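Participant: Turn this into a model:
(chains A and B)
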Amino acid sequence: MAELQKIKEAIMGGKREEVSRLVQAALTAGDSPVEILEGGMIPAMREIGDKFSRNEVYVPQMLIAARAMQAGLALVEPVLAQTGHQPLGKLCIGTVKGDLHDIGKNLVAIMLKGAGYEVVDLGVNCDINKYEEGIKQGANVVVCSALLTTTMPYMKDVVEHFKSKGVKVIIGGAPVTQNYADQIGADGYSEDANGAVKLVDRLLGKTA
Amino acid sequence: MKLKLIACNVFKREIEHCLSDSPHEIETDYIEIAEHLHPATLRRKIQDIIDRTAEVTQPYDATLLAYGLCGRSCDGLTARREQLVIPRSHDCAGILLGSRKRFEEEFSAMPSTPFSSPGYVEHGRFYFQSGELAEGEDEMQKLIQEYGEDNAKYIYEAMHPKLDGELQPVCYIDAPEFSFPDLMDKCRHKAEEEGRPFKILEGSLRLIRMLLYGEWPEDEFLTVQAGRAIAMKGDWDRIYDTVSANAIPPAENRKEI
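Facilitator: Residues are numbered from 1 along each chain as shown, chains lettered A, B, ... in the order given. Below you'll find the model as predicted:
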(Lines give C-alpha, C1' and ligand atoms only; values in the text may rest on other atoms or scores of the structure.)
Protein backbone atom coordinates (compact mmCIF):
# COMPACT_ATOMS: atom_id res chain seq x y z
CA MET A 1 0.00 0.00 0.00
CA ALA A 2 1.36 3.39 -1.02
CA GLU A 3 0.48 4.94 2.35
CA LEU A 4 2.51 2.34 4.22
CA GLN A 5 5.47 3.06 2.00
CA LYS A 6 5.08 6.78 2.77
CA ILE A 7 4.97 6.04 6.49
CA LYS A 8 8.09 3.92 6.17
CA GLU A 9 9.95 6.63 4.29
CA ALA A 10 8.85 9.35 6.70
CA ILE A 11 10.13 7.32 9.66
CA MET A 12 13.43 6.61 7.98
CA GLY A 13 13.80 10.31 7.17
CA GLY A 14 13.06 11.27 10.77
CA LYS A 15 10.00 13.30 9.75
CA ARG A 16 8.08 13.14 12.98
CA GLU A 17 5.18 15.42 12.09
CA GLU A 18 4.68 13.75 8.75
CA VAL A 19 4.61 10.33 10.45
CA SER A 20 1.94 11.54 12.88
CA ARG A 21 -0.11 12.96 10.06
CA LEU A 22 0.15 9.86 7.87
CA VAL A 23 -0.50 7.38 10.68
CA GLN A 24 -3.47 9.39 11.93
CA ALA A 25 -4.88 9.56 8.41
CA ALA A 26 -4.47 5.81 7.96
CA LEU A 27 -6.16 5.07 11.29
CA THR A 28 -8.99 7.50 10.50
CA ALA A 29 -9.44 5.77 7.13
CA GLY A 30 -9.95 2.55 9.08
CA ASP A 31 -6.66 0.84 8.33
CA SER A 32 -5.67 -1.86 10.76
CA PRO A 33 -3.12 -0.67 13.35
CA VAL A 34 -1.34 -4.02 13.08
CA GLU A 35 -0.98 -3.54 9.34
CA ILE A 36 0.37 0.00 9.81
CA LEU A 37 2.89 -1.34 12.28
CA GLU A 38 3.92 -4.43 10.38
CA GLY A 39 3.68 -2.99 6.90
CA GLY A 40 5.24 0.42 7.43
CA MET A 41 6.64 1.24 10.84
CA ILE A 42 8.58 -1.86 11.83
CA PRO A 43 10.12 -2.37 8.37
CA ALA A 44 11.30 1.25 8.54
CA MET A 45 13.16 0.67 11.79
CA ARG A 46 14.52 -2.67 10.56
CA GLU A 47 15.83 -1.10 7.38
CA ILE A 48 17.44 1.88 9.07
CA GLY A 49 18.92 -0.45 11.69
CA ASP A 50 20.47 -2.52 8.92
CA LYS A 51 21.81 0.62 7.21
CA PHE A 52 23.29 1.66 10.54
CA SER A 53 25.05 -1.69 10.86
CA ARG A 54 26.51 -1.17 7.40
CA ASN A 55 27.74 2.37 8.29
CA GLU A 56 25.33 3.88 5.76
CA VAL A 57 23.59 6.03 8.37
CA TYR A 58 24.87 7.43 11.65
CA VAL A 59 23.63 7.98 15.19
CA PRO A 60 21.77 11.26 14.44
CA GLN A 61 19.71 9.64 11.66
CA MET A 62 18.93 6.68 13.93
CA LEU A 63 17.87 9.05 16.68
CA ILE A 64 15.43 11.03 14.60
CA ALA A 65 14.04 7.90 12.95
CA ALA A 66 13.38 6.43 16.38
CA ARG A 67 11.74 9.65 17.46
CA ALA A 68 9.51 9.62 14.39
CA MET A 69 8.67 5.95 15.08
CA GLN A 70 7.76 6.89 18.64
CA ALA A 71 5.36 9.55 17.33
CA GLY A 72 3.63 6.90 15.21
CA LEU A 73 3.54 4.38 18.05
CA ALA A 74 1.88 6.93 20.34
CA LEU A 75 -1.06 6.97 17.90
CA VAL A 76 -1.18 3.25 17.12
CA GLU A 77 -0.87 1.89 20.67
CA PRO A 78 -4.17 3.27 22.06
CA VAL A 79 -6.04 1.94 19.02
CA LEU A 80 -4.46 -1.46 19.48
CA ALA A 81 -5.49 -1.47 23.14
CA GLN A 82 -9.07 -0.46 22.23
CA THR A 83 -9.35 -3.34 19.82
CA GLY A 84 -8.49 -5.75 22.62
CA HIS A 85 -5.04 -6.48 21.27
CA GLN A 86 -3.07 -8.11 24.08
CA PRO A 87 0.63 -7.43 24.50
CA LEU A 88 2.86 -10.46 23.88
CA GLY A 89 4.53 -9.96 27.23
CA LYS A 90 5.84 -7.32 29.59
CA LEU A 91 9.48 -6.33 29.96
CA CYS A 92 11.41 -3.66 31.75
CA ILE A 93 14.43 -1.99 30.21
CA GLY A 94 17.09 0.33 31.58
CA THR A 95 20.70 1.44 31.21
CA VAL A 96 22.81 0.23 34.12
CA LYS A 97 24.06 2.19 37.11
CA GLY A 98 26.69 4.81 36.30
CA ASP A 99 25.70 4.95 32.65
CA LEU A 100 23.63 7.81 31.25
CA HIS A 101 23.45 6.63 27.65
CA ASP A 102 20.03 5.82 26.39
CA ILE A 103 20.23 5.93 22.60
CA GLY A 104 20.68 2.18 22.13
CA LYS A 105 18.32 1.38 24.98
CA ASN A 106 15.59 3.56 23.46
CA LEU A 107 15.97 1.87 20.07
CA VAL A 108 15.55 -1.55 21.65
CA ALA A 109 12.51 -0.33 23.62
CA ILE A 110 10.89 1.03 20.46
CA MET A 111 11.51 -2.15 18.50
CA LEU A 112 10.06 -4.26 21.33
CA LYS A 113 7.00 -2.02 21.55
CA GLY A 114 6.58 -2.19 17.80
CA ALA A 115 6.76 -5.97 17.96
CA GLY A 116 3.86 -6.02 20.44
CA TYR A 117 5.52 -6.12 23.84
CA GLU A 118 4.63 -3.87 26.74
CA VAL A 119 7.81 -2.12 27.84
CA VAL A 120 8.44 -0.42 31.17
CA ASP A 121 11.22 2.06 30.44
CA LEU A 122 13.23 2.60 33.63
CA GLY A 123 15.55 5.17 32.06
CA VAL A 124 19.27 5.42 32.74
CA ASN A 125 21.53 4.91 35.77
CA CYS A 126 19.46 1.93 36.97
CA ASP A 127 20.54 0.12 40.09
CA ILE A 128 19.05 -3.22 41.15
CA ASN A 129 16.25 -1.49 43.08
CA LYS A 130 15.19 0.31 39.93
CA TYR A 131 15.03 -2.96 37.96
CA GLU A 132 13.03 -4.42 40.87
CA GLU A 133 10.50 -1.62 40.35
CA GLY A 134 10.02 -2.85 36.80
CA ILE A 135 9.38 -6.37 38.08
CA LYS A 136 6.86 -5.01 40.59
CA GLN A 137 5.04 -3.42 37.67
CA GLY A 138 4.58 -6.86 36.16
CA ALA A 139 7.61 -7.30 33.91
CA ASN A 140 9.14 -10.75 33.83
CA VAL A 141 12.20 -9.98 31.74
CA VAL A 142 14.89 -7.40 32.56
CA VAL A 143 16.59 -5.86 29.54
CA CYS A 144 19.93 -4.32 30.55
CA SER A 145 21.98 -1.90 28.48
CA ALA A 146 25.49 -0.46 28.95
CA LEU A 147 27.66 1.69 26.70
CA LEU A 148 30.88 1.62 28.67
CA THR A 149 33.33 -1.10 29.66
CA THR A 150 33.29 0.54 33.10
CA THR A 151 29.53 0.21 33.55
CA MET A 152 29.13 -3.19 31.90
CA PRO A 153 30.44 -5.10 34.98
CA TYR A 154 27.29 -4.04 36.91
CA MET A 155 25.32 -6.36 34.63
CA LYS A 156 26.87 -9.25 36.51
CA ASP A 157 25.32 -7.94 39.76
CA VAL A 158 21.93 -7.61 38.06
CA VAL A 159 22.11 -11.15 36.64
CA GLU A 160 23.13 -12.61 40.00
CA HIS A 161 20.40 -10.72 41.83
CA PHE A 162 17.60 -12.00 39.61
CA LYS A 163 18.94 -15.53 39.12
CA SER A 164 17.07 -17.01 42.07
CA LYS A 165 13.90 -15.03 41.43
CA GLY A 166 12.77 -16.57 38.18
CA VAL A 167 13.31 -13.34 36.28
CA LYS A 168 15.18 -13.53 33.01
CA VAL A 169 17.91 -10.95 32.34
CA ILE A 170 19.12 -10.17 28.83
CA ILE A 171 21.92 -7.78 28.00
CA GLY A 172 23.30 -5.65 25.21
CA GLY A 173 25.22 -2.48 24.39
CA ALA A 174 28.37 -1.47 22.58
CA PRO A 175 30.99 -3.25 24.74
CA VAL A 176 28.85 -6.32 25.49
CA THR A 177 29.57 -9.61 23.76
CA GLN A 178 28.01 -13.08 23.69
CA ASN A 179 31.11 -14.26 25.47
CA TYR A 180 30.53 -11.81 28.32
CA ALA A 181 26.84 -12.77 28.51
CA ASP A 182 27.84 -16.44 28.85
CA GLN A 183 30.49 -15.58 31.40
CA ILE A 184 28.03 -13.83 33.75
CA GLY A 185 25.18 -16.29 33.10
CA ALA A 186 22.79 -13.84 31.41
CA ASP A 187 19.73 -15.38 29.73
CA GLY A 188 20.57 -13.81 26.41
CA TYR A 189 22.50 -11.24 24.41
CA SER A 190 21.78 -9.35 21.25
CA GLU A 191 24.09 -7.10 19.30
CA ASP A 192 21.34 -4.90 17.91
CA ALA A 193 17.71 -3.87 18.33
CA ASN A 194 16.36 -6.22 15.64
CA GLY A 195 18.12 -9.12 17.29
CA ALA A 196 16.75 -8.10 20.69
CA VAL A 197 13.18 -8.65 19.46
CA LYS A 198 14.05 -12.11 18.12
CA LEU A 199 15.81 -12.91 21.40
CA VAL A 200 12.77 -11.91 23.48
CA ASP A 201 10.46 -13.86 21.13
CA ARG A 202 12.59 -16.93 21.67
CA LEU A 203 12.90 -16.41 25.40
CA LEU A 204 9.14 -16.02 25.90
CA GLY A 205 8.23 -18.73 23.43
CA LYS A 206 6.58 -16.35 20.97
CA THR A 207 8.25 -17.74 17.89
CA ALA A 208 6.13 -19.66 15.42
CA MET B 1 65.79 -2.09 24.49
CA LYS B 2 64.50 -1.27 21.06
CA LEU B 3 60.79 -0.61 21.31
CA LYS B 4 57.91 0.16 18.99
CA LEU B 5 55.21 2.45 20.42
CA ILE B 6 51.71 2.65 18.99
CA ALA B 7 49.98 5.60 20.60
CA CYS B 8 46.79 7.61 20.46
CA ASN B 9 47.43 11.19 19.44
CA VAL B 10 45.72 12.33 22.64
CA PHE B 11 48.97 11.49 24.48
CA LYS B 12 51.34 13.06 21.95
CA ARG B 13 52.46 15.98 24.12
CA GLU B 14 52.95 13.80 27.18
CA ILE B 15 54.79 11.10 25.25
CA GLU B 16 57.13 13.52 23.46
CA HIS B 17 57.87 15.12 26.83
CA CYS B 18 58.78 11.78 28.44
CA LEU B 19 60.55 10.14 25.48
CA SER B 20 63.75 12.10 25.84
CA ASP B 21 64.30 10.63 29.31
CA SER B 22 63.64 7.04 28.31
CA PRO B 23 66.74 4.83 28.40
CA HIS B 24 65.35 2.92 25.42
CA GLU B 25 65.29 3.43 21.69
CA ILE B 26 61.64 4.02 20.82
CA GLU B 27 59.97 4.42 17.44
CA THR B 28 56.50 5.86 17.61
CA ASP B 29 53.43 5.58 15.38
CA TYR B 30 50.55 7.85 16.33
CA ILE B 31 46.94 7.16 15.45
CA GLU B 32 44.41 9.96 15.25
CA ILE B 33 42.35 10.81 18.35
CA ALA B 34 38.70 9.74 18.56
CA GLU B 35 39.11 6.49 16.66
CA HIS B 36 37.65 4.72 19.71
CA LEU B 37 34.26 5.80 18.41
CA HIS B 38 34.73 3.04 15.85
CA PRO B 39 36.43 0.30 17.85
CA ALA B 40 36.50 -2.25 15.03
CA THR B 41 38.31 0.25 12.79
CA LEU B 42 40.75 1.28 15.51
CA ARG B 43 41.42 -2.38 16.33
CA ARG B 44 42.26 -3.02 12.68
CA LYS B 45 44.52 0.04 12.48
CA ILE B 46 46.50 -0.98 15.57
CA GLN B 47 46.70 -4.61 14.45
CA ASP B 48 47.99 -3.50 11.05
CA ILE B 49 50.88 -1.66 12.70
CA ILE B 50 51.57 -4.63 14.99
CA ASP B 51 51.64 -6.89 11.92
CA ARG B 52 53.89 -4.57 9.92
CA THR B 53 56.23 -4.21 12.90
CA ALA B 54 56.61 -8.00 12.98
CA GLU B 55 57.83 -7.96 9.38
CA VAL B 56 60.79 -5.62 9.67
CA THR B 57 64.16 -7.37 9.62
CA GLN B 58 65.43 -6.31 12.99
CA PRO B 59 63.01 -7.40 15.74
CA TYR B 60 61.94 -5.05 18.51
CA ASP B 61 62.03 -6.08 22.14
CA ALA B 62 58.37 -5.16 22.53
CA THR B 63 55.50 -3.27 20.94
CA LEU B 64 53.99 -0.83 23.43
CA LEU B 65 50.40 0.32 23.24
CA ALA B 66 49.57 3.74 24.67
CA TYR B 67 45.92 2.76 24.79
CA GLY B 68 43.45 1.40 27.27
CA LEU B 69 40.63 -0.98 26.49
CA CYS B 70 39.03 2.05 24.74
CA GLY B 71 35.55 0.70 24.15
CA ARG B 72 36.93 -2.75 23.28
CA SER B 73 39.23 -1.33 20.61
CA CYS B 74 42.15 -3.31 22.04
CA ASP B 75 40.12 -6.44 22.83
CA GLY B 76 41.38 -9.14 20.48
CA LEU B 77 44.67 -7.50 19.46
CA THR B 78 47.17 -10.25 18.78
CA ALA B 79 50.91 -10.28 19.49
CA ARG B 80 52.86 -11.48 16.45
CA ARG B 81 56.66 -11.64 16.70
CA GLU B 82 56.98 -8.96 19.39
CA GLN B 83 55.38 -9.12 22.80
CA LEU B 84 52.73 -6.44 23.41
CA VAL B 85 52.62 -4.27 26.52
CA ILE B 86 49.51 -2.27 27.44
CA PRO B 87 48.54 -0.40 30.62
CA ARG B 88 45.63 -1.94 32.50
CA SER B 89 43.22 0.93 31.93
CA HIS B 90 39.69 1.26 30.63
CA ASP B 91 40.49 4.42 28.71
CA CYS B 92 42.83 7.38 28.53
CA ALA B 93 41.47 8.94 31.74
CA GLY B 94 43.07 6.12 33.73
CA ILE B 95 46.39 6.63 31.93
CA LEU B 96 46.30 10.42 32.31
CA LEU B 97 45.52 10.14 36.02
CA GLY B 98 48.60 7.96 36.49
CA SER B 99 47.05 4.90 38.11
CA ARG B 100 43.99 2.70 38.14
CA LYS B 101 43.48 3.53 41.79
CA ARG B 102 43.16 7.24 40.99
CA PHE B 103 40.79 6.43 38.15
CA GLU B 104 38.57 4.45 40.50
CA GLU B 105 38.60 7.25 43.06
CA GLU B 106 37.48 9.80 40.50
CA PHE B 107 35.21 7.84 38.19
CA SER B 108 33.76 4.75 39.88
CA ALA B 109 30.75 6.65 41.25
CA MET B 110 29.76 7.95 37.80
CA PRO B 111 31.79 6.47 34.95
CA SER B 112 29.77 8.49 32.42
CA THR B 113 31.41 11.73 33.56
CA PRO B 114 33.04 13.53 30.62
CA PHE B 115 36.77 14.16 30.88
CA SER B 116 39.39 16.12 29.03
CA SER B 117 43.13 16.74 28.79
CA PRO B 118 45.49 18.97 26.78
CA GLY B 119 45.36 16.46 23.91
CA TYR B 120 41.57 16.61 23.61
CA VAL B 121 41.45 20.38 23.59
CA GLU B 122 44.37 20.68 21.20
CA HIS B 123 42.61 18.47 18.69
CA GLY B 124 39.49 20.61 18.89
CA ARG B 125 37.37 17.91 20.50
CA PHE B 126 37.23 19.57 23.93
CA TYR B 127 36.30 16.52 25.96
CA PHE B 128 35.44 12.88 25.84
CA GLN B 129 31.97 11.92 26.90
CA SER B 130 31.87 8.17 26.78
CA GLY B 131 30.41 7.44 23.40
CA GLU B 132 30.69 10.89 21.95
CA LEU B 133 33.03 13.81 21.67
CA ALA B 134 32.21 17.44 21.99
CA GLU B 135 32.74 18.88 18.55
CA GLY B 136 33.86 22.38 17.66
CA GLU B 137 31.98 25.59 18.44
CA ASP B 138 29.57 25.22 15.55
CA GLU B 139 28.31 21.76 16.60
CA MET B 140 24.69 22.89 16.94
CA GLN B 141 24.76 24.93 13.73
CA LYS B 142 25.95 21.89 11.77
CA LEU B 143 23.12 19.79 13.18
CA ILE B 144 20.52 22.46 12.34
CA GLN B 145 21.75 22.69 8.78
CA GLU B 146 21.57 18.97 8.31
CA TYR B 147 18.45 17.99 10.25
CA GLY B 148 16.40 21.14 10.81
CA GLU B 149 15.97 22.98 14.08
CA ASP B 150 13.52 20.66 15.84
CA ASN B 151 15.46 17.46 15.14
CA ALA B 152 18.81 19.18 15.75
CA LYS B 153 17.78 20.16 19.26
CA TYR B 154 16.62 16.62 19.95
CA ILE B 155 19.86 15.08 18.62
CA TYR B 156 21.97 17.51 20.62
CA GLU B 157 20.13 16.72 23.84
CA ALA B 158 20.30 12.98 23.25
CA MET B 159 24.05 13.24 22.76
CA HIS B 160 24.53 15.34 25.88
CA PRO B 161 22.78 13.20 28.47
CA LYS B 162 21.71 14.63 31.81
CA LEU B 163 21.32 13.12 35.24
CA ASP B 164 18.32 14.40 37.17
CA GLY B 165 18.09 17.29 34.72
CA GLU B 166 21.72 18.33 35.14
CA LEU B 167 24.59 17.99 32.69
CA GLN B 168 27.63 16.18 34.06
CA PRO B 169 30.72 18.23 34.88
CA VAL B 170 33.72 18.15 32.59
CA CYS B 171 36.75 16.80 34.47
CA TYR B 172 39.91 18.28 32.98
CA ILE B 173 42.96 16.18 33.82
CA ASP B 174 45.94 18.43 34.41
CA ALA B 175 49.38 17.07 35.27
CA PRO B 176 50.97 19.82 37.39
CA GLU B 177 54.48 19.15 36.04
CA PHE B 178 53.25 19.47 32.45
CA SER B 179 50.38 21.94 32.49
CA PHE B 180 48.91 24.02 29.66
CA PRO B 181 46.78 26.82 31.14
CA ASP B 182 45.65 28.06 27.71
CA LEU B 183 44.23 24.65 26.78
CA MET B 184 42.63 24.28 30.19
CA ASP B 185 40.96 27.69 29.75
CA LYS B 186 39.58 26.69 26.37
CA CYS B 187 38.04 23.60 27.93
CA ARG B 188 36.65 25.62 30.83
CA HIS B 189 35.11 28.04 28.35
CA LYS B 190 33.47 25.19 26.40
CA ALA B 191 32.07 23.71 29.63
CA GLU B 192 30.67 27.09 30.68
CA GLU B 193 29.15 27.63 27.27
CA GLU B 194 27.31 24.31 27.56
CA GLY B 195 26.26 25.02 31.14
CA ARG B 196 28.41 22.31 32.68
CA PRO B 197 30.40 22.57 35.89
CA PHE B 198 34.17 22.45 35.26
CA LYS B 199 36.42 20.41 37.50
CA ILE B 200 40.20 20.00 37.50
CA LEU B 201 41.64 16.59 38.40
CA GLU B 202 45.31 16.21 39.21
CA GLY B 203 46.93 14.10 36.52
CA SER B 204 50.28 12.31 36.48
CA LEU B 205 52.73 11.17 33.82
CA ARG B 206 53.57 8.13 35.96
CA LEU B 207 51.95 5.43 33.78
CA ILE B 208 53.22 6.94 30.53
CA ARG B 209 56.75 7.05 31.95
CA MET B 210 56.50 3.46 33.19
CA LEU B 211 55.37 2.34 29.74
CA LEU B 212 58.22 4.16 27.98
CA TYR B 213 60.87 3.28 30.54
CA GLY B 214 60.21 -0.46 30.45
CA GLU B 215 58.74 -0.70 33.95
CA TRP B 216 55.80 -3.02 33.46
CA PRO B 217 54.62 -4.58 36.72
CA GLU B 218 52.02 -7.28 36.13
CA ASP B 219 49.32 -5.59 38.21
CA GLU B 220 49.50 -2.39 36.15
CA PHE B 221 50.45 -3.64 32.69
CA LEU B 222 49.40 -6.61 30.63
CA THR B 223 52.19 -8.31 28.68
CA VAL B 224 51.03 -10.41 25.75
CA GLN B 225 53.46 -13.00 24.40
CA ALA B 226 53.68 -13.85 20.70
CA GLY B 227 50.71 -15.94 19.58
CA ARG B 228 48.51 -14.69 22.42
CA ALA B 229 45.82 -12.02 22.23
CA ILE B 230 44.27 -9.43 24.52
CA ALA B 231 40.89 -10.48 25.93
CA MET B 232 38.56 -8.13 27.81
CA LYS B 233 37.73 -9.43 31.28
CA GLY B 234 34.66 -7.30 31.97
CA ASP B 235 35.80 -6.04 35.36
CA TRP B 236 37.27 -2.93 37.00
CA ASP B 237 40.42 -4.41 38.37
CA ARG B 238 42.37 -6.47 35.82
CA ILE B 239 40.60 -5.19 32.69
CA TYR B 240 42.19 -7.78 30.41
CA ASP B 241 43.75 -11.21 30.28
CA THR B 242 45.47 -13.01 27.45
CA VAL B 243 44.03 -15.87 25.44
CA SER B 244 45.38 -17.96 22.59
CA ALA B 245 45.19 -15.98 19.35
CA ASN B 246 43.17 -18.89 17.92
CA ALA B 247 40.35 -18.06 20.35
CA ILE B 248 39.76 -14.65 18.78
CA PRO B 249 36.62 -14.57 16.62
CA PRO B 250 36.77 -13.07 13.12
CA ALA B 251 36.93 -9.28 13.11
CA GLU B 252 33.64 -7.65 13.83
CA ASN B 253 32.42 -4.74 11.85
CA ARG B 254 29.43 -3.47 13.73
CA LYS B 255 28.92 0.04 14.92
CA GLU B 256 28.64 1.11 18.49
CA ILE B 257 25.92 3.33 19.83
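Participant: Residues contacting the top helix by length along chain A, please?
Facilitator: The longest helix of chain A (DSSP state H) is helix A:59-82. The set of residues external to helix A:59-82 that reach it, using Cβ atoms under 8 Å, 6 or more residues apart in numbering or on different chains, is A:7, A:10-20, A:23-24, A:27, A:33-34, A:36-37, A:41, A:44-45, A:48-49, A:52, A:103, A:106-107, A:110, A:113-114, B:143, B:146-147, B:151, B:154-155, B:158-159, B:257. C-beta: built from backbone N, CA, C; applies to glycine.
Participant: after that helix, next one along is what?
Facilitator: Downstream of helix A:59-82, the next assigned helix or strand under DSSP states H and E is strand A:90-96.
Participant: which residues touch the closest residue to A:Thr177 other than its chain neighbours?
Facilitator: Counting by Cβ to Cβ, 6 or more residues apart in numbering or on different chains, A:Tyr189 is the residue found nearest to A:Thr177 once chain neighbours are left out, at 7.3 Å. By Cβ under 8 Å, 6+ apart, the residues touching A:Tyr189 are A:Ile170, A:Ile171, A:Gly172, A:Val176, A:Thr177, A:Gln178, A:Tyr180, A:Ala181, A:Leu199.
Participant: cool, A:Leu199 as well?
Facilitator: Counted by Cβ under 8 Å, 6+ apart, A:Leu199 has contacts A:Ile170, A:Gly188, A:Tyr189, A:Ser190.
Participant: are any of the contacts of helix A:59-82 buried, and which?
Facilitator: Among these, those classed as buried by 16 or more other Cβ atoms under 10 Å in any protein chain shown are A:7, A:10-16, A:18-20, A:23, A:27, A:33, A:36-37, A:41, A:44-45, A:48-49, A:52, A:103, A:106-107, A:110, A:113-114, B:143, B:147, B:151, B:154-155, B:158-159, B:257.
Participant: for chain B, what are the nearby residues on chain A?
Facilitator: When proximity is defined as Cβ under 8 Å from any Cβ of the partner chain, chain A approaches chain B at A:14, A:16, A:52-53, A:55, A:59-60, A:62-64, A:67, A:98-104, A:107, A:124-125, A:147-153, A:156, A:174-175, A:177, A:180, A:183-184, A:191-192.
Participant: Filter those down to just the ones in strands.
Facilitator: Those of the residues of chain A next to chain B mapping onto strands are A:Val124, A:Asn125, per DSSP state E.
Participant: Of the residues of chain A next to chain B, just the buried ones, ChimeraX syntax please.
Facilitator: Of those, the buried ones go into a single ChimeraX selection, burial set by 16+ other Cβ under 10 Å:
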select /A:14,16,52,59,60,62,63,64,67,98,99,100,101,102,103,104,107,124,125,147,148,149,150,151,152,153,156,174,175,177,180,184,191,192
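Participant: packing partners for the helix or strand of chain A at the bottom of the mean pLDDT ranking?
Facilitator: Among the helices and strands of chain A, helix A:42-53 carries the lowest confidence by mean pLDDT, DSSP states H and E, at a mean of 88. On a contact count with 3 or more Cβ pairs under 8 Å, 6 or more residues apart in numbering or on different chains; DSSP states H and E, helix A:42-53 meets helix A:2-12, helix A:59-82, helix A:103-114, helix A:193-203.
Participant: Restricted to strands, list the contacts of A:Leu199.
Facilitator: Using DSSP E, the members of those that fall in strands are A:Ile170, A:Gly188, A:Tyr189.
Participant: which one of those is nearest B:Met184?
Facilitator: A:Tyr189 (41.3 Å; Cβ to Cβ).
Participant: pLDDT at the closest one, what is it?
Facilitator: Note on A:Tyr189: pLDDT of 98.
Participant: coming back round to it: distance to B:Asp75 for the ones in strands among the contacts of A:Leu199 - can I get that in a markdown table?
Facilitator: As requested, those are exported to a markdown table (distance: Cβ to Cβ, whole Å):
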| residue | distance to B:Asp75 |
| --- | --- |
| A:Ile170 | 21 |
| A:Gly188 | 21 |
| A:Tyr189 | 15 |
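Participant: Return the distance of the least confident helix or strand of chain A from the chain's centre.
Facilitator: In this view, helix A:42-53 has its centroid 13 Å away from the chain centroid, taken as Cα atoms, centre = their mean, to the nearest Å.
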